[in-house]
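In: This is a predicted model, with the sequence first.
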Amino acid sequence: MIVNDCNFLGNEAQWGGAVCNEGESLVLVSDCNFLDNQASWGAGLYNNRSGVSVVSCAFRGNRAQTSGGGLYNYQG
């Protein structure tokens, strides 16, 4: 999957407030803004056992209760 030139603002979830990527998938995220998102794990982006590339993205004001305010990567 390719995600390009997107704004993720003020989202909330348990895993990956803005983006949750799991299960042997490949994702390219480029030129995106991750702003003021909230989650327990990976407020901006959560990646679990998958391939993810992040290019020219901004992560600001994201808050995780447990780990990964901007990005959390588990076995990726």
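Out: Thanks, I have the structure now.
In: quick one: contacts for the most centrally placed residue in the chain?
Out: Centroid-nearest residue in the chain, with Cα atoms, centre = their mean: Leu45, separated by 1.0 Å. Shown in contact with Leu45 (Cβ atoms under 8 Å, 6 or more residues apart in numbering): 16, 18-21, 29, 34, 52, 54, 70-72. In this view, the C-beta of every residue, glycine as well, is placed from N, C-alpha and C.
In: Please report phi then psi for it.
Out: phi -150, psi 130 (degrees, to the nearest 10).
In: Now do the end-to-end distance for stretch 29-44.
Out: 12 Å (Cα to Cα, to the nearest Å).
In: my guess is Gly76 contacts Gly51, does it?
Out: Yes. Contact criterion Cβ atoms under 8 Å: Gly76 and Gly51 qualify, at 6.4 Å.
In: These two: who's more crowded?
Out: Gly76 (15 against 12; other Cβ atoms under 10 Å).
In: how far away is that one from Asn7?
Out: 23 Å (Cβ to Cβ, to the nearest Å).
In: Check the gap between Ala39 and Asn62 for me.
Out: 8 Å.
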